[in-house]
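> Build me a model from this:
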Amino acid sequence: MKKLIIYSWLLTSFLAACTKKETSQAPPDNTTPEVSENGLKIIFPMKQSADFFETERIKSSALIADITAPAKVSATVVKSNEGASGNIVLFDNPDLSGNYTQLLQHLTMINQIQNINIRQRKTELARIQDLQEHGAATGKDLLESQTALSMEETNLINERSAIIEHETKLKAGGFEPSVLRRAAAGTAYIICDIPESEISKVKEGSKCTLQFTAFPGRDFNGKIDDVADMVDQTTRMIKLRVTINNANGELKAGMFGTVAFGISEGKNTSVDKDALITIQGKNYVFIKSGNTGFERKEVNVGDQIGERIIVYSGLKDGDRVVIKGAMQLKGLSFGY
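Numbers count the residues shown, from 1 in each chain. Model (predicted):
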C-alpha cells in the first residue's frame with residue numbers, strides 16, 4: 001500500500017512538471033489584430049501580417065476603356081461612270097439597296113411635280129382665269145384647270161408619304177438618307193451594335209479603331225458618324241454608324257471586322273474594383289497607415305471603367321488603398 005501511494009505521487013509530480021514545462025514554452029498570442037473605434041481602425045501586432053494586404057497608391061489620372069463590337073461594312077460610295085448627278089451607294093443588304101433606290105425615285109418625282117408640273121398647272125390656271133374674266137374661257141375650262149392643279153398637289157402628297165416608309169427602313173438599318181445622298185465617293189460606312197448599357201459612353205464625332213478579317217493586324221481609323229434613334233426590343237442593342245475613308249476602294253460592302261471605341265473619362269481619382277466593399281448601401285475602402293495599421297474610409301463612387309471605379313470623394317492623392325485582402329479587413333471591421 002505504501003509503494004502504491006509513492007508511485008501515485010511520483011506520477012502526479014511528473015505530469016505537473018510536464019504541464020508546467022509545456023506552459024512555459026507556449027508562445028504568447030501576438031497575431032490577433034486590434035480593432036478600435038467601432039471598426040474604423042485595425043492594427044496588426046506584426047508587420048508580416050499587415051504585409052499580406054496589397055495596396056496601391058492613389059493618383060488622379062485619365063481613364064480610358066475600350067468597348068469592342070463586331071462590325072460590318074454595310075455600304076460603300078463609288079463614283080458613277082455614266083455621269084449621273086449623284087454617286088452610287090453599294091449596300092450589302094439588298095433590301096436596303098431597294099429602299100434607297102425607291103427613295104431616290106420618289107425624290108425625283110417630288111422634284112418633277114413640285115418644280116415643273118405644279119408650276120405649269122398654276123401658270124395655266126392663271127391664264128384661264130384671265131381669259132374667263134375677258135369672256136374668252138368657259139367655266140368648264142376653269143374647272144378642268146383647277147382639277148389638274150389639284151391632282152398634281154395630291155400626287156405631291158402621295159410621293160412624300162411614300163418616302164416615309166423607305167426612310168424608316170434605312171434608319172432602322174443604321175443609315176441617314178440625307179447623309180447618303182450627300183456622301184462623297186470613296187466613303188465606307190460600317191455598322192455595329194453596342195449594348196444599351198454602354199450608349200452613354202459613346203459620343204457622335206468620337207474616333208475609333210477598326211480591324212477587318214480581310215486585313216489581319218492592320219488598324220483603320222474611323223469616326224462615329226451617327227447613333228441610331230431606336231433600341232432593338234429583342235437584343236437591347238443600338239446601332240452605330242462609323243465612317244471610314246475608302247478612297248482606294250479596299251473595303252468592300254459585306255466585309256466583317258471589329259470596332260474598338262476609346263472612351264476617355266477625363267482625369268479622375270479611381271480605385272481597383274477589388275478595393276471597394278459595400279455595406280448597407282454605403283461604399284468603403286481601407287487605407288494603410290504606417291506599417292501595420294489600416295483605416296476604413298467611406299467613399300462616393302461613380303461609374304466602373306474597365307477594372308477601375310471612379311471615386312468622387314473620400315480619398316486623396318497619395319493614399320495607399322488595399323486592393324488585396326479587402327474582404328478580410330471587412331470581416332474584422334464590421335464583425336463578420
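> Now do the helices in the stretch 201-336 of the chain.
Listed in chain order, the helices found in the stretch 201-336 of the chain under DSSP state H, counting those that start in this stretch are 326-334.
> where does it dip in pLDDT?
262-266, 305-306, 336 (pLDDT under 70).
> For it, which segments count as strands?
Secondary structure of the stretch 201-336 of the chain (DSSP state E, counting those that start in this stretch): strands located at 207-212, 215-227, 237-245, 256-272, 277-279, 282-289, 293-305, 308-313, 320-324.
> which residues sit in contact with the residue positioned nearest the centre of the chain?
Taking C-alpha atoms, centre = their mean, the centroid of the chain lies closest to Glu198, which sits 2.7 Å from it. Applying C-beta atoms under 8 Å, 6 or more residues apart in numbering, we find Glu198 in contact with Ile67. Every residue, glycine included, has its C-beta placed from N, CA and C.
> quick one: buried residues of stretch 296-305?
Arg296, Lys297, Val299, Val301, Ile305 (16 or more other C-beta atoms under 10 Å).
> swap that for stretch 163-178, please
Residues of stretch 163-178 classed as buried: Ile163, His166, Glu167, Lys169, Leu170, Lys171, Gly173, Gly174, Phe175, Glu176, Pro177 (neighbour count, 16+ other C-beta under 10 Å).
> can you check stretch 35-46 too?
For stretch 35-46, the neighbour count (16+ other C-beta under 10 Å) marks Val35, Lys41, Ile42, Phe44 as buried.
> Export that stretch to CSV, keeping only CA atoms.
C-alpha atoms of stretch 35-46 as CSV (Å, rounded to 0.1, in the frame of the first residue of the first chain):
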residue,chain,number,x,y,z
VAL,A,35,-9.8,46.7,-33.7
SER,A,36,-10.9,50.1,-32.4
GLU,A,37,-13.3,53.0,-32.9
ASN,A,38,-16.1,50.7,-33.9
GLY,A,39,-14.1,49.1,-36.6
LEU,A,40,-12.7,52.2,-38.2
LYS,A,41,-9.1,51.3,-37.3
ILE,A,42,-7.3,48.0,-37.4
ILE,A,43,-3.8,47.4,-36.2
PHE,A,44,-1.8,44.2,-36.6
PRO,A,45,0.8,43.4,-33.9
MET,A,46,3.3,42.0,-36.5
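> next one: it to chain centre, how far?
Taking C-alpha atoms, centre = their mean, to the nearest Å, one finds the center of stretch 35-46 at 41 Å from the center of the full chain.
> what residues go with each domain of this structure?
34-58+276-334, 63-93+185-265, 94-172 (automatic domain parsing).
> Kindly check the end-to-end length of the shortest one for me.
It refers to domain 94-172. End-to-end distance for domain 94-172, by C-alpha to C-alpha, to the nearest Å: 14 Å.
> what does the first one give?
Looking at domain 34-58+276-334, the gap from its leading to its trailing residue is 13 Å under the measure C-alpha to C-alpha.
> Out of the buried residues of stretch 163-178, which sit inside helices?
Ile163, His166, Glu167, Lys169, Leu170, Lys171, Pro177 (DSSP state H).
> From those, pick the one nearest Ile67.
Lys171 (22.6 Å; C-beta to C-beta).
> Make sure the closest one is actually in contact with Lys239.
No: contact criterion C-beta atoms under 8 Å: Lys171 and Lys239 do not qualify, at 9.2 Å.
> Between the two, which contacts overlap?
What both Lys171 and Lys239 touch, as defined by C-beta under 8 Å, 6+ apart, is the set Ala228.
> Please report the distance of Ile199 from Ile67.
To Ile67, Ile199 is 10 Å away according to C-beta to C-beta, to the nearest Å.
> Who has more neighbours out of these two?
Ile67 (17 against 14; other C-beta atoms under 10 Å).
> For the more buried one, pull up the helix or strand it's in.
When elements are assigned from DSSP states H and E, Ile67 belongs to strand 61-78.
> Tell me which helix or strand comes right after that strand.
Under the assignment DSSP H and E, the closest C-terminal helix or strand after strand 61-78 is strand 88-91.
> need the next SSE after that following strand, C-terminal direction.
Later in the chain than strand 88-91, the nearest helix or strand by DSSP H and E is helix 94-112.
> So which elements touch that following helix?
For helix 94-112, the elements it packs on are strand 88-91, helix 139-172, helix 177-182, judged by 3 or more C-beta pairs under 8 Å, 6 or more residues apart in numbering; DSSP states H and E.
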